[in-house]
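Participant: Curious how this folds, go ahead:
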Amino acid sequence: MTPETDHRLAPERILAHISDGIVIVADDERVLYANEAFARMVGRSGEDLRGLGLAELVAPEVLQRISPRTLAVGSDDTHVHFNLCLGGADGGCSYCFTASAFVDGQGRRVGVIENFRSMDRLRDMILELEEVNAIIRREKERTEQIIDSIGDGVLTVDHDRVIRSFSRRLERITGIPASRALGRTCMEVLRGEKCETDCPLSWSFEHGQPVDGCRERLFPEGRELAVEITTAQLRDDEGRPVGLTAFVTDRTEVWDLRRQLADARGSRTIIAESPAMQKVLQQIETAAETDVTVLVTGESGTGKDVVARAIHASGPRRDRPFVVVNCAALTDTLLESELFGHVRGAFTGAVRDKPGRFELADGGTILLDEIGDTSPALQAKLLRVLQDKQIERVGDTRTRQVDVRILAATNRDLAADVAAGRFREDLFYRLAVLSIHLPPLRERRDDIPPLVEHFIEKFRAKHHAGREQEFSGISNRAMAMLLAYDWPGNVRELEHAIEVAMITTTTGRIERAFLPDPIRAKAAPGAGGRRRPRPAPRGRTRSGGSRRRWRATAGTSAGPPANSASAGPPSGGGCGSSTSSSVAADAVRVGPGRRAAPVQRLVA
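Facilitator: The predicted model follows:
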């Protein structure tokens, strides 16, 4: 290295180019060396500070903090101060100060070397971060306020189903503070019935799809809650799933009210969760307010007689007789006698006078079921009753006046029969003053889950007497198979399927393998259902079928194949039930729409 190069790299020149203020101070506070950066910091830029005392350069309160006499720096010690204020023209109050012993080449202590590093840039960064944090905090509080203003409780979980957030609304629903929920699994906190079998969160994780309104029973800390759970995927910036958001809607009060209404109003119910059945119930209400003749049409098994009973039970004749006549079950002669009655000697075997069904229904309502199967001759006699409310018993000449409301039902297309000459046109128009068409079950899939639940409750006591609580309802995959089936036998076939499954089950709930073969064959070709689920372990029972809550997607034409990986919980719909001898209906419940809501009933 040349002398010129050695001069350019002298330590003092190097220290002069350092942005930190460097000063070497003797133990008596005399400055032995100070670089230009330190001179600027104390307002002495360009001056040689050697020989000056520290007291001449800084304020007394600063001298107290940086004087070698007060620092008492040992050979291995380092003192640090933050936000030290030096003053001076370029001085500020944001210097990081460090001091350590300074020794000469022989290792003898000469004084203290002190370093002053400006914290202005770091201070600005900290202030910016504080401002950003304040914005984030405000946005977080605003988001929490928005979430808390929603009627649903909200929680988020990671892939292990560990709760990462727990809204205040969910705290109020469950009675569990967020501090005790965070960091624990949702199964441990919420204790849902489906946690170990049909957990909607696990299903969403497994299939990468949301679940809409899955009905569940939660038992947090001993409480019982009826809820609906909807899930949504949480994704990072690259679209990878990192967790789930679950929205928990408390339906406890709704279901309690439904049970109370069921107990108070009796047992006859029409399930009306689907839009198609909502329209039917509006027509029932309209028909009940009048005394006109009503024609109820629909496929076999859809519940035409139940609609007729609902009209009667909701109208002013509710306390009077309701008489049903199956017009397809008797021959023409017997049907005429059954409807109008006969006098003694009218025909062989007529040993006494007998009033007909019209007379028995006087003051009330008569249902002429399967009216489309009557003969033209009988149709003419029925027309007179509709026009004049008069009858004549078979073999009698005396005309009798009856006050009866006439309802008719058929699974035939009467308009087509009229066009073909098989049904009297004048009678058709007399019957169809108000016409109500019942949609087949395949067109009202929203009603399948509540119908299923009703039939489970109906047959629980019959087939599981004494062990009702051991039967835990129906699995998601079995429900998906029921939703996928087209139900040619309508509600009656569904009732039969549930009864068969409840009789044959060995697991304490309805699985796909226990459903009738036609349903498994059509809803899931190839599934076969040969492999029977293992029986449920003894002692591990869950509450009954009323605990299983479902929703069916509106307008769904078919669910996923039950043996596919996508078979899972349905979405949308409500819970309820209905049954009669000819259909499955035990009452009239008016559900108000898509979300489960308080129920109205049209019952006696």
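Participant: Look up the closest residue to Gly363, ignoring the ones flanking it.
Facilitator: Distance criterion CB to CB, 6 or more residues apart in numbering; nearest residue to Gly363, sequence neighbours excluded, is Arg320 at 4.4 Å. C-betas here are computed from N, CA, C, even on glycine.
Participant: mind checking the SS state of the one you found?
Facilitator: On the three-state scheme (DSSP: H, G, I helix; E, B strand; the rest coil), Arg320 is labelled coil.
Participant: mind checking how far it is from Ile270?
Facilitator: Applying CB to CB, to the nearest Å, the value for Arg320 to Ile270 is 21 Å.
Participant: Please identify which of those two sits among more neighbours.
Facilitator: Neighbours were counted for Arg320 and for Ile270 using other CB atoms under 10 Å; Ile270 has more, 30 against 17.
Participant: Tell me where the stretch 401-550 of the chain is predicted with low confidence.
Facilitator: By pLDDT under 70, the low-scoring segments of the stretch 401-550 of the chain are 468, 523-550.
Participant: in it, which spans are strands?
Facilitator: Taking DSSP state E, counting those that start in this stretch, the strands of the stretch 401-550 of the chain run over residues 405-410, 434-437.
Participant: Determine which of those strands approaches Arg191 most closely.
Facilitator: strand 434-437 (44.9 Å; CB to CB).
Participant: who touches that closest one?
Facilitator: When contacts are defined by CB atoms under 8 Å, 6 or more residues apart in numbering, strand 434-437 is touched by residues 280, 283-284, 286-287, 290, 292-298, 307.
Participant: and that strand, which residues are buried?
Facilitator: Buried positions in strand 434-437, judged by neighbour count with 16 or more other CB atoms under 10 Å: 434-436.
Participant: How about stretch 234-254?
Facilitator: Buried residues in stretch 234-254 (16+ other CB under 10 Å): 243-251, 254.
Participant: gap between Leu15 and Asp48?
Facilitator: Leu15 is 14 Å from Asp48, where distance means CB to CB.
Participant: Now do Pro220 against Arg164, distance only.
Facilitator: Using CB to CB, Pro220 is found at 18 Å from Arg164.
Participant: Listing request: residues of this protein with sub-threshold pLDDT.
Facilitator: 1-12, 75, 87-93, 258-269, 468, 523-604.
Participant: Nearest to the middle of it, which residue? Look it up for me.
Facilitator: Gly213 (2.3 Å; CA atoms, centre = their mean).
Participant: That residue contacts Ile229, doesn't it?
Facilitator: Yes. Contact criterion CB atoms under 8 Å: Gly213 and Ile229 qualify, at 7.5 Å.
Participant: got any residues that touch both of the two?
Facilitator: Shared contacts of Gly213 and Ile229, defined by CB under 8 Å, 6+ apart, comprise Thr249.
Participant: Not counting sequence-adjacent ones, nearest residue to Cys96?
Facilitator: Spatial nearest neighbour of Cys96, chain neighbours left out: Arg117 (4.5 Å); criterion: CB to CB, 6+ apart.
Participant: Same check on Arg168?
Facilitator: With sequence-adjacent residues excluded and distances taken as CB to CB, 6+ apart, Arg168 is closest to Asp148, at 4.8 Å.
Participant: Same question for Val325.
Facilitator: With sequence-adjacent residues excluded and distances taken as CB to CB, 6+ apart, Val325 is closest to Arg357, at 5.1 Å.
Participant: From what I see, that neighbour and Ile366 are in contact.
Facilitator: Yes. Under the criterion of CB under 8 Å, Arg357 makes contact with Ile366 at 6.0 Å.
Participant: Can you pick out the residue with more neighbours from these two?
Facilitator: When Arg357 and Ile366 are compared for neighbours, Ile366 comes out ahead with 26 against 21, by other CB under 10 Å.
Participant: SS state for the more buried one?
Facilitator: strand.
Participant: bridging residues for it?
Facilitator: Bridge pairing for Ile366 (DSSP bridges) gives the partners Val323, Ile406.
Participant: Now do it against Asp236, distance only.
Facilitator: From Ile366 to Asp236 the distance is 68 Å (CB to CB).
Participant: Repeat that for Arg512.
Facilitator: 36 Å.
Participant: And Arg460, by the same measure?
Facilitator: As for Arg460, its distance to Asp236 is 46 Å (criterion: CB to CB).
Participant: quick one: which of the strands of the stretch 401-550 of the chain is nearest Glu188?
Facilitator: When those are compared by CB to CB, strand 434-437 sits nearest Glu188, at 50.5 Å.
Participant: List the strands paired with the closest one, with their directions.
Facilitator: Applying DSSP bridges, one finds strand 434-437 paired with strand 294-297 (parallel).
Participant: Pull the residues that contact the partner strand.
Facilitator: Strand 294-297 is contacted from outside by 287, 304, 307-308, 311, 371, 407-411, 413-414, 431-438, using CB under 8 Å, 6+ apart.
Participant: Just the buried subset of those, please.
Facilitator: By 16+ other CB under 10 Å, the contacts of strand 294-297 give 287, 304, 307-308, 311, 371, 407-411, 414, 431-432, 434-436, 438 as buried.
Participant: tell me the secondary structure for His81?
Facilitator: His81, by the three-state scheme (three-state DSSP), is strand.
Participant: My read is that it contacts Arg65, right?
Facilitator: Yes. Using CB under 8 Å, His81 is in contact with Arg65, at 6.0 Å.
Participant: Which neighbours do the two have in common?
Facilitator: With CB under 8 Å, 6+ apart as the test, His81 and Arg65 both reach Phe97.
Participant: Run the chain-centre distance for stretch 416-431.
Facilitator: Stretch 416-431 sits 48 Å away from the centroid of its parent chain (CA atoms, centre = their mean, to the nearest Å).
Participant: List the buried residues of the helix ranked longest in the chain.
Facilitator: When the chain is parsed with DSSP state H, its longest helix is helix 120-149. Going by neighbour count (16+ other CB under 10 Å), the buried part of helix 120-149 is Ile147.
Participant: What is that helix packed up against?
Facilitator: Here helix 120-149 touches helix 168-174, going by 3 or more CB pairs under 8 Å, 6 or more residues apart in numbering; DSSP states H and E.
Participant: Which is the succeeding secondary structure element to the helix it packs on?
Facilitator: Next along the chain after helix 168-174, taking DSSP states H and E as the criterion, comes helix 178-181.
Participant: what element comes up after that following helix heading to the C-terminus?
Facilitator: helix 186-190.
Participant: Send me that following helix as PDB with only the CA atoms.
Facilitator: Extracted as PDB, the C-alpha positions of helix 186-190 are listed here (Å, rounded to 0.1, in the frame of the first residue of the first chain):
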ATOM      1  CA  CYS A 186     -65.100 -26.400  17.300                       C
ATOM      2  CA  MET A 187     -66.100 -29.900  18.300                       C
ATOM      3  CA  GLU A 188     -64.800 -29.300  21.800                       C
ATOM      4  CA  VAL A 189     -66.500 -25.900  22.100                       C
ATOM      5  CA  LEU A 190     -69.800 -26.400  20.300                       C
END
